[in-house]
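J.: requesting a structural model of the entry that follows:
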Amino acid sequence: MKPAILLQSDFSLTWGAVASMKGVIKTVDPELDIIDICHDIPKFNTFVASYFLRQVLPYWPANTIAVSVVDPGVGTPRKAAIAKMHGGQIVITPDNGTLTHMKKHVGSVREIDDSFDLRGAGSVFDGRDKFAYVAALLASGQKKFEEIGHEYDISEIIECEEYNIQPKLEKNKVQGFVMMENKHFGGIEFNIKNRDFDNCDFNFGDHVQIVITREKHVVYHDIVEYNKAFGFVSIGKPILYPGSSGFISLDVNQGSLLEKYPLIDMGKEYEVIITKDKDD
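T.: Here you go, the predicted structure:
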């Protein structure tokens, strides 16, 4: 069975960019299976693109090929990368931070040269002319991983700055930043791992004070219950909970935190302090 090709980008589906990538793949081999991860990555946000790959790719078979195109540096000397994971999956993407969350899982990485470019050097749509094309060549069996470009050292893979910012952990107090947001449901996720939070002596049923600031201006301040699932608080009430991705998350039961507090956004400048309520 031929491997599936997963696609993600910041293109949206409101114009033809994604369809043209799929057209290239189907032209190489009409039998190839193409699955969309997401095409609403925030524009130019390689950290989110990297995070999504880490959340999705481990659940796919070893021969799966993922193409991620969030490429603010297209046309510049940034590398066009093809990386094989220890688990056998392959990621094709600009080496611009998109491999950040996958870096420790990379077994080998190669740079795709211009001989694998449908339109030749100078194209400003590598997603279509290089990445989708190479993915189709691999999935169809026309090329092997080792035949694409030349290998370079894994240590050279570019990492997003946010990934290496560690939270501050104390008993009954943690500090971090808003790492991710879910616009569909309206929740946010902090760069604080579930297990680290629990190790700071927080327990289900605790009430905690949450303060989120941006450049020292408060954008959110509330006393919130920490519990394991939404159903433990009333509809419309906020809840702090251990997210399924492994990071502490904040949302509203059957509501949207982001709609209620539109000044909240994601990024390292959105700092959070969570402390156990003194009256708890």
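J.: where does pLDDT dip in this protein?
T.: 120-123, 279-280 (pLDDT under 70).
J.: could you list the domains of it?
T.: As given by automatic domain parsing, the domain ranges for the chain are 5-161, 165-276.
J.: make a markdown table out of those domains and add mean neighbour count.
T.: All C-beta spots, glycine's among them, are computed from the backbone N, C-alpha and C. Below are the domains of the chain laid out as a markdown table (neighbours: other Cβ atoms under 10 Å):
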| stretch | mean neighbour count |
| --- | --- |
| domain 5-161 | 18 |
| domain 165-276 | 17 |
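J.: contacts only, for residue 180.
T.: With contact set as Cβ atoms under 8 Å, 6 or more residues apart in numbering, residue 180 has these partners: 48, 51, 188, 189, 245, 247, 266.
J.: now do the helices in this structure.
T.: Along the chain, the segments classed as helices by DSSP state H run 17-28, 46-56, 126, 132-139, 194-199, 257-260.
J.: neighbouring contacts of the last one?
T.: Residues outside helix 257-260 that contact it (Cβ under 8 Å, 6+ apart): 181, 183, 186, 187, 188, 238, 250, 251, 252, 264.
J.: contacting residues for residue 276?
T.: Contact analysis of residue 276 by Cβ under 8 Å, 6+ apart lists 172, 173, 201, 202, 206, 207, 208, 209.
J.: just residue 39 next, same as before
T.: So residue 39 contacts 7, 8, 9, 10, 11, 12, 13, 18 (Cβ under 8 Å, 6+ apart).
J.: ramachandran angles for the fifth one?
T.: Main-chain torsions, residue 11, degrees, to the nearest 10: phi -80, psi -30.
J.: hang on, isn't it packed against residue 20?
T.: No. Contact between residue 11 and residue 20 fails when scored by Cβ atoms under 8 Å: they sit 9.7 Å apart.
J.: gap between the spatially most central residue of the chain and residue 189?
T.: For the chain, residue 51 is the residue whose C-alpha lies nearest the centre (Cα atoms, centre = their mean; 2.0 Å). According to Cβ to Cβ, to the nearest Å, residue 51 stands 9 Å off from residue 189.
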